[in-house]
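1. could you work out the structure for the sequence below:
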Amino acid sequence: MSSSKGIDLTGQTAIVTGASTGIGEAAAIELARAGADIVVNHRDSEDDARDTVGKVEALGRRAVAIQADVSKEEDVIRLFDEAEAALGPADVVFSNAGRQKDAKIGDMTLDDWNAVISVNLTGAFLVGREAIRRFRKKGIRAEISPAMGKLIYNSSVHQVICWAFHANYAASKGGMHMLMQSMAQEVANERIRINSVAPGAIATAINAAERASHEADILRLIPYGRIGEPADVGRVVAWLASDAADYIVGQTIFVDGAMTLYPEFRGNG
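-> Down below sits the predicted model:
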């Protein structure tokens, strides 16, 4: 453990769900840059996951790709089993896997609702519960970190900003916020740190078409004047996982260029 409390994850293993592209890939790279070995989880993106593994290995860290669907209990348990067999017990878990399936509320089917809730919220529960179980089994390694384990969720500005035509997604992130805080309150006394990052508009493949056609409209919602990059979020994840953030528990860090300051009200309050 570094006495300077820097971003140093040497000797630690991190599991990143949904790590084949986007924010998950960026977080895997930043965690590796800080010294961690990385488990690259994916659901059905084997080629992209291998690409992330290669980028981690290029930084001198060990990495392995493991397929698992975070909405399935048996898959989550297997993910942690295979991760531990390959790289040792997890010290850091970034629960990032998520999905959107947008519809007007009158047209939203139960399948649309369940598809998003099962990955974003039930998946967050399953990954978080298993992470806590494994942290407890591993115990505190004081020479590595004063924390028994670090669990970080990828939430969204939509845990606080309602989102018409995306009710299932917003509900999943609002639920994740209370899940994270309730879990953090429950296990903080065991030195398990649970926090979230909440990205705003981030340039990923999932929103490429929207950015191409509505970039000016998006920028009007971002006081800082630019759309974020996945690495903007990845760097915060690495910091939250490090001992530099050791006294931060149960908090959400918004990585949004000030979108949550509701810029449309500027001058009209």
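2. what bits of the stretch 1-150 of the chain have low per-residue confidence?
-> Counting by pLDDT under 70, the stretch 1-150 of the chain contains low-confidence residues at 1-5.
3. helices of that one, start to end?
-> Taking DSSP state H, counting those that start in this stretch, the helices of the stretch 1-150 of the chain run over residues 22-33, 46-58, 73-87, 110-117, 123-138.
4. wait, which of those helices is closest to G228?
-> helix 22-33 (9.5 Å; Cβ to Cβ). (Each C-beta comes from the backbone N, C-alpha and C, glycine too.)
5. need the helices of the stretch 1-150 of the chain in JSON lines (columns: distance to I202 and mean neighbour count).
-> Rendered in JSON lines, the data for the helices of the stretch 1-150 of the chain read as follows (distance: least, Cβ to Cβ, whole Å; neighbours: other Cβ atoms under 10 Å):
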{"stretch": "helix 22-33", "distance to I202": "6", "mean neighbour count": "27"}
{"stretch": "helix 46-58", "distance to I202": "17", "mean neighbour count": "17"}
{"stretch": "helix 73-87", "distance to I202": "24", "mean neighbour count": "17"}
{"stretch": "helix 110-117", "distance to I202": "18", "mean neighbour count": "15"}
{"stretch": "helix 123-138", "distance to I202": "18", "mean neighbour count": "20"}
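6. would you turn these into a markdown table with distance to P223?
-> Written out in a markdown table, the entries for these read as follows (distance: least, Cβ to Cβ, whole Å):
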| stretch | distance to P223 |
| --- | --- |
| helix 22-33 | 21 |
| helix 46-58 | 32 |
| helix 73-87 | 38 |
| helix 110-117 | 29 |
| helix 123-138 | 29 |
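7. for G139, see how far away G149 is.
-> Look at G149 and G139: by Cβ to Cβ, to the nearest Å, they are 10 Å apart.
8. contacts only, for the closest residue to E73 other than its chain neighbours.
-> For E73, ignoring the flanking residues on the chain, the nearest one in space by Cβ to Cβ, 6 or more residues apart in numbering is L126 at 5.7 Å. L126 makes contacts with V70, S71, K72, E73, V76, as judged by Cβ atoms under 8 Å, 6 or more residues apart in numbering.
9. and if you look at V76?
-> A68, V70, G123, L126, V127, E130.
10. buried residues in the helix ranked longest in the chain?
-> When every helix of the chain is counted residue by residue (DSSP state H), the longest turns out to be helix 167-187. Taking 16 or more other Cβ atoms under 10 Å as the neighbour-count basis, helix 167-187 is seen to contain the buried residues 167-177, 179-181, 183-184, 187.
11. assumed V197 was part of a strand.
-> Yes. When DSSP: H, G, I helix; E, B strand; the rest coil is applied, V197 is found to be in a strand.
12. hmm, it is touching R235, no?
-> No. No contact is recorded between V197 and R235 when judged using Cβ atoms under 8 Å, the distance being 10.0 Å.
13. ok, the two, which is more surrounded?
-> V197 (27 against 21; other Cβ atoms under 10 Å).
14. against M176, how distant is the more buried one?
-> When Cβ to Cβ is the yardstick, V197 and M176 sit 11 Å from each other.
15. same check on D232?
-> From D232 over to M176 the distance is 20 Å, taken as Cβ to Cβ.
16. relative to the whole chain's centre, how far out is the longest helix of the chain?
-> Taking the mean of its C-alpha atoms, helix 167-187 sits 13 Å from the chain's own mean (Cα atoms, centre = their mean, to the nearest Å).
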